[in-house]
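S.K.: Have a look; sequence and predicted model below, questions after that.
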Amino acid sequence: MRIAGHGCLLLAAALALAALSASAVLAQQGPPDLPDDQPYDQPSPGDIDPPSRAARLSTIEGAVSVQPAGVDDWTVAVINRPLTGGDQLWSDRGSRAQIDLGSATVNLAADSSVTLLNLGDQAVQLQLSAGTIIVALRDVDPGSAFEIDAPSASVSLVRPGSYRIAVDNAGNTTVATRDGQSKVITRAGRSVTLRGGQAAQFGASGDVDVAALPAPDDFERWSTQHAQRWASDVGSSGYMSSDVVGAQDLDSYGEWVQEPDYGYTWYPTAVGVDWAPYRYGRWLWVAPWGWTWVDSAPWGYAPFHYGRWTYLRQRWGWVPAPPGSRAVYAPALVAWIAGPGGSARGGSAPGTTGPAVGWLPLAPGEVYLPGHRVSLRYLRNVNVSNTAIINSDYITHVYRNPGLQDRYANRDAPRALSVVSQRSFTSGAPVAARLITPPPQWQAVEATPRPPVIVPERQSVLGPPAQSPVRRPPVAILNRPVVAGHSPPPAPAPAPSLAPSTPAVRATPGRPIMPDRQVMPVTPVAPVAPMAPMAPAAAPIDRRAIPERSPQFRPAAPPEMPTLPMPVPSRESAPPPPAAPPPPAAPPPPAAPRPPPTAPQQPAPPPAQPSARGKAPPPVVPDVR
């Protein structure tokens with residue numbers, strides 16, 4: 001009897017341990033406990049929707065480094081890395097880079113430091129602390145401002161055109177408007193307008209001097225060649241939403257075929273017969289979205305952050321974001337599976353034991369769920385803008401209960417499911433050589449649109465350690481203050497396990513200085529005779545004027561968004577929240593005491609209209625002619 005009782009106790013203990021292990025695995029897909037008075041779909045104070053767009057690091061030549069927002073270290077920049085507010089780029093000596101914003105490109109010359117202060121829906125705000133950039137602005141959204149903050153001036157781009165902005169070692173800022181129109185606010189609060197063919201230098205003390213347009217050099221010719229290439233590769237824009245970032249690369253690497261079920265579908269042609277999407281790249285943690293796919297292909301941006309993938313006639317095709325709607329960026333449009341690990345494929349993949357994580361591309365009509373708190377409006381926008389879902393209420397139902405979406409069209413497609421160990425997933429390294437074969441019991445595990453709760457590590461943000469020293473800007477450049485026309489928003493919170501003790505990047509790196517409103521406006525700068533550039537700038541292209549797809553392939557317009565939050569979901573269906581971001585911090589004080597500003601004046605006409613956080617700019621003086 002005693003022996004039997006002892007055996008029962010051992011059996012009960014074993015069952016308890018098995019249940020505990022199973023619950024640990026399931027916890028990767030389910031949400032943590034939430035207070036009863038804080039439903040998941042009712043954001044707490046400080047929770048905000050992520051931006052609807054992200055910048056793309058589209059070109060890298062030489063040694064280019066990036067410092068992600070909220071991290072106190074630098075890493076080697078990789079192509080297709082999404083960039084967001086607070087990220088800082090440095091192009092070292094002899095290096096160049098290009099940032100793609102969809103409606104504009106920003107080219108960095110050597111020894112240049114650029115910080116993305118704001119990539120919101122109402123403003124694009126960059127900080128140039130050193131070096132030279134050339135901005136090719138193709139479209140101007142009437143409801144959005146485009147601003148570059150420099151040590152002695154804040155430049156607002158008013159019209160499409162080509163702009164060159166340079167900062168020398170003393171902090172003097174030179175603005176050259178090849179074509180277009182810009183408005184400049186100096187450190188002293190003076191306002192100057194520069195039209196096509198005009199240039200001016202703005203000193204650190206607030207003085208303004210006439211400057212001649214610089215003669216086109218190698219960097220400007222390089223920028224012009226990229227602009228002309230972009231202008232010749234916009235054919236793909238006619239098949240999708242006009243503001244999809246990275247669309248200009250698709251014509252050179254694939255073909256468009258009109259499919260009866262999906263309309264125009266893009267098929268990559270520069271891939272092997274065994275290629276599959278979301279397999280040749282890496283996973284990085286990019287705030288504020290979380291786990292983000294960074295593809296290795298030169299064209300690998302648009303097809304992995306917009307639209308859906310389908311498998312037709314023995315090959316993979318990308319169904320783009322529906323035309324006629326504003327494209328909303330997503331970090332990765334995949335479904336997820338988590339469970340015990342499998343065996344290494346070919347015996348070369350590390351981390352063959354322990355838990356594993358798998359993913360497969362979402363097909364047209366399948367719902368994407370973020371891994372963080374969002375509003376109902378954002379949830380519908382990010383799905384309706386990326387796939388044809390006629391009944392948008394279906395999105396809400398899947399959000400409340402992800403189990404309703406239990407059938408995935410790509411689940412049985414060849415090579416659709418990619419599986420790695422969690423160690424490989426969080427390493428920031430390419431996953432193609434680390435794939436493992438899932439165990440047989442994975443056949444019975446259902447996929448879910450909700451990403452697993454995997455805490456990122458340091459290399460999840462920075463990537464694996466570089467083999468050579470990472471180049472970084474001098475400390476004097478990092479601490480250089482700039483003039484800001486508007487107060488930028490706070491940078492996204494860092495990864496949960498990466499909150500730095502002494503962060504080098506803040507919401508306003510270099511402590512932006514608001515212009516002194518007490519200084520009277522200066523007399524306009526004398527006009528400069530226009531100089532014909534060596535290479536003509538590409539004419540502004542209205543991407544929204546390109547014919548869209550035929551009406552039968554357009555999704556029905558979604559119903560009006562309700563203003564009330566969704567009902568409280570059950571704990572089993574609530575998605576896991578990340579670490580709550582800190583409340584927005586007030587802008588840091590200026591580097592030196594300045595006279596207190598007077599009461600804000602009325603805003604100037606757009607595009608210099610300030611945001612809700614900014615102060616009104618000074619009155620604009622007569623234009624430079």
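M.R.: Cool, the structure landed.
S.K.: what about the stretch 451-600 of the chain, any weak spots by pLDDT?
M.R.: 493-600 (pLDDT under 70).
S.K.: Helices of the stretch 401-550 of the chain, start to end?
M.R.: Residue ranges of the helices in the stretch 401-550 of the chain, as given by DSSP state H, counting those that start in this stretch, are 422-425, 458-462, 475-478.
S.K.: tell me what the second one is packed against?
M.R.: Just to be clear, that refers to helix 458-462. When contacts are defined as 3 or more CB pairs under 8 Å, 6 or more residues apart in numbering; DSSP states H and E, helix 458-462 sits against strand 281-286. No exception for glycine: its C-beta is placed from N, CA and C like everyone else's.
S.K.: And the contacts of the strand it packs on?
M.R.: Here strand 281-286 makes contact (CB atoms under 8 Å, 6 or more residues apart in numbering) with 54, 68, 80-82, 84, 291-297, 300, 304, 331-332, 425-426, 428-432, 456, 460-461, 463, 495.
S.K.: Please narrow the residues you listed to those residing in strands.
M.R.: The members of the contacts of strand 281-286 that map onto strands under DSSP state E are 82, 291-295.
S.K.: Of the residues you listed, which is the most crowded?
M.R.: Compared across the ones in strands among the contacts of strand 281-286, residue 293 has the highest neighbour count, 25 neighbours, by other CB atoms under 10 Å.
S.K.: OK, contacts around the residue lying closest to it once chain neighbours are set aside?
M.R.: Nearest residue to residue 293, sequence neighbours excluded (CB to CB, 6 or more residues apart in numbering): residue 332, at 3.9 Å. Contacts of residue 332 were listed using CB under 8 Å, 6+ apart, and they are 278, 283, 291-293, 304-305, 359.
S.K.: And these, which is closest to residue 389?
M.R.: residue 305 (17.7 Å; CB to CB).
S.K.: burial count for that closest one?
M.R.: Neighbours of residue 305 (other CB under 10 Å): 28.
S.K.: go on, residue 430?
M.R.: Using other CB under 10 Å, residue 430 has 18 neighbouring residues.
S.K.: how far away is it from residue 55?
M.R.: The gap separating residue 430 from residue 55 is 22 Å, by CB to CB, to the nearest Å.
S.K.: and stretch 54-71, average pLDDT?
M.R.: Stretch 54-71 carries an average pLDDT of 94.
S.K.: pLDDT score for residue 405?
M.R.: The predicted local confidence for residue 405 is 89.
S.K.: My guess is it contacts residue 389. True?
M.R.: No - distance between residue 405 and residue 389: 11.4 Å, which falls outside the contact criterion (CB atoms under 8 Å).
S.K.: which residues do those two both contact?
M.R.: In contact with both residue 405 and residue 389: residue 367, using CB under 8 Å, 6+ apart.
S.K.: Please determine how far residue 379 is located from residue 492.
M.R.: Taking CB to CB, one finds residue 379 at 19 Å from residue 492.
S.K.: and if you look at residue 428?
M.R.: Applying CB to CB, the value for residue 428 to residue 492 is 18 Å.
S.K.: Same question for residue 141.
M.R.: The value you get for residue 141 to residue 492, if CB to CB is used, is 22 Å.
S.K.: higher neighbour count, the two?
M.R.: More neighbours surround residue 492 than the other of residue 141 and residue 492, with 22 against 14 (other CB under 10 Å).
S.K.: And the average pLDDT for the longest strand along the chain is what?
M.R.: In terms of residue count, the longest strand belonging to the chain (DSSP E) is strand 123-137. With pLDDT averaged residue by residue, strand 123-137 scores 95.
S.K.: correct me, but residue 239 touches residue 257?
M.R.: No - here residue 239 does not reach residue 257: they are 10.4 Å apart, not a contact under CB under 8 Å.
S.K.: more neighbours, those two?
M.R.: residue 239 (24 against 14).
S.K.: Low-confidence bits of the stretch 51-200 of the chain, can you list those?
M.R.: In the stretch 51-200 of the chain, no residues with pLDDT under 70.
S.K.: before we move on, what about the stretch 251-400 of the chain?
M.R.: Low-confidence segments of the stretch 251-400 of the chain (pLDDT under 70): 341-354.
S.K.: one more time with 90, if that's ok
M.R.: The model of the stretch 251-400 of the chain has pLDDT under 90 over residues 251-252, 270, 273, 321-327, 338-355, 371-374, 376, 387-393, 396, 399-400.
S.K.: hey, where'd the helices end up in it?
M.R.: 302-305, 376-384, 393-400.
S.K.: Residue 175: neighbouring residues, count only.
M.R.: 23.
S.K.: now swap in residue 270 and tell me
M.R.: Neighbours of residue 270 (other CB under 10 Å): 11.
S.K.: roughly how far apart are the nearest residue to it once chain neighbours are set aside and residue 459?
M.R.: In this structure, residue 270 finds its nearest non-sequential neighbour in residue 253, 4.9 Å apart by CB to CB, 6+ apart. Distance of residue 253 to residue 459, given as CB to CB: 29 Å.
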